[in-house]
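Asker: after the sequence you'll find the predicted model.
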Amino acid sequence: MTELVKLNENHRDSLFLLLNNRNVSDWLLEVPYPYSLLDAYWWINKCKELEGKNKEYHYAIHYKNEHVGGIGLKILKEHHGELGYWLGEVHWGKGIMKTAISEMLTMAFGDLGLSRVSAEVFEDNIRSEKLLLKCGFEYEGNLKKLQKKGDRFINCKIFAIVI
Ligand SMILES: CC(C)(COP(=O)(O)OP(=O)(O)OC[C@H]1O[C@@H](n2cnc3c(N)ncnc32)[C@H](O)[C@@H]1OP(=O)(O)O)[C@@H](O)C(=O)NCCC(=O)NCCS
């Protein structure tokens with residue numbers, strides 16, 4: 001039911017509709033609000049450029065054949081990848097992301113041979129924290145003002161799985 005699909009032009013309209021929502025984008029460093037069709041177009045093209053460079057892996061999440069969200073892994077070091085993910089608000093609470101994360105972890109620790117996968121969660125993003133704990137991540141600590149989005153400094157909690 002939950003599938004990871006390479007992002008392509010057919011995702012443009014749904015990407016725009018799903019991400020043009022403050023309740024989603026407020027928790028994501030690189031997603032502006034409002035989110036436009038041009039932003040969606042830019043992101044799809046960027047993912048195409050990144051393809052084959054083995055530095056970042058980004059997928060659209062499909063649930064029951066519908067585009068519902070996104071997930072990506074950035075390779076920070078030879079052994080270490082960082083996970084990022086989101087779902088359109090109407091798709092929260094269905095267990096979709098737990099399956100998507102589990103697929104990404106299989107790829108990260110299996111095919112890519114990583115030994116550490118981490119995730120940075122903005123402070124107060126309780127849903128995301130609980131999700132990561134459910135997926136087997138451990139809480140490693142809080143880094144103050146780790147990120148800045150516009151004028152806003154953001155404290156982040158770091159979670160990781162190390163094998
Ligand atoms: C983070 C996100 C992917 C989680 O997906 P989801 O489908 O909402 O996740 P779940 O339904 O598994 O919910 C996670 C947990 O939070 C709990 N929860 C939901 N709303 C809550 C609230 N307001 N307060 C506390 N806990 C809450 C759920 O009960 C669940 O815990 P449980 O399994 O113990 O019952 C989704 O909310 C999202 O895309 N958010 C916006 C973008 C984002 O935050 N991305 C992650 C950046 S690190």
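Answerer: Sure, I can see it.

Asker: going forward, measure contacts between C-alpha atoms and count neighbours the same way
Answerer: Fine.

Asker: can you list the residues of the protein near the ligand?
Answerer: 24, 27-28, 85-87, 92-95, 97, 120-121, 126-128, 130-131 (Cα under 6 Å from any ligand atom).

Asker: try 8 Å this time
Answerer: 23-28, 69, 84-89, 91-98, 119-122, 125-131, 134 (Cα under 8 Å from any ligand atom).

Asker: in strands, which of these fall?
Answerer: 69, 84-87, 119-122 (DSSP state E).

Asker: neighbour-wise, which one of these leads?
Answerer: Within those, neighbour counts (other Cα atoms under 10 Å) peak at G69, which reaches 25 neighbours.

Asker: without its sequence neighbours, what residue ends up closest to that one?
Answerer: L87 (4.1 Å; Cα to Cα, 6 or more residues apart in numbering).

Asker: go through the one helix or strand G141 maps to and flag the buried ones.
Answerer: Taking DSSP states H and E as the criterion, G141 maps to strand 138-149. By neighbour count with 16 or more other Cα atoms under 10 Å, strand 138-149 contains the buried residues 138-139, 142.

Asker: please apply the same query to stretch 38-50.
Answerer: 39-41, 43-44, 47.

Asker: in CSV: those, plus distance to A108, secondary structure and pLDDT.
Answerer: Formatted as CSV, the buried residues of stretch 38-50 follow (distance: Cα to Cα, whole Å; DSSP: H, G, I helix; E, B strand; the rest coil; pLDDT from 0 to 100):
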residue, distance to A108, secondary structure, pLDDT
D39, 27, helix, 98
A40, 26, helix, 98
Y41, 27, helix, 97
W43, 22, helix, 97
I44, 22, helix, 97
C47, 18, helix, 95
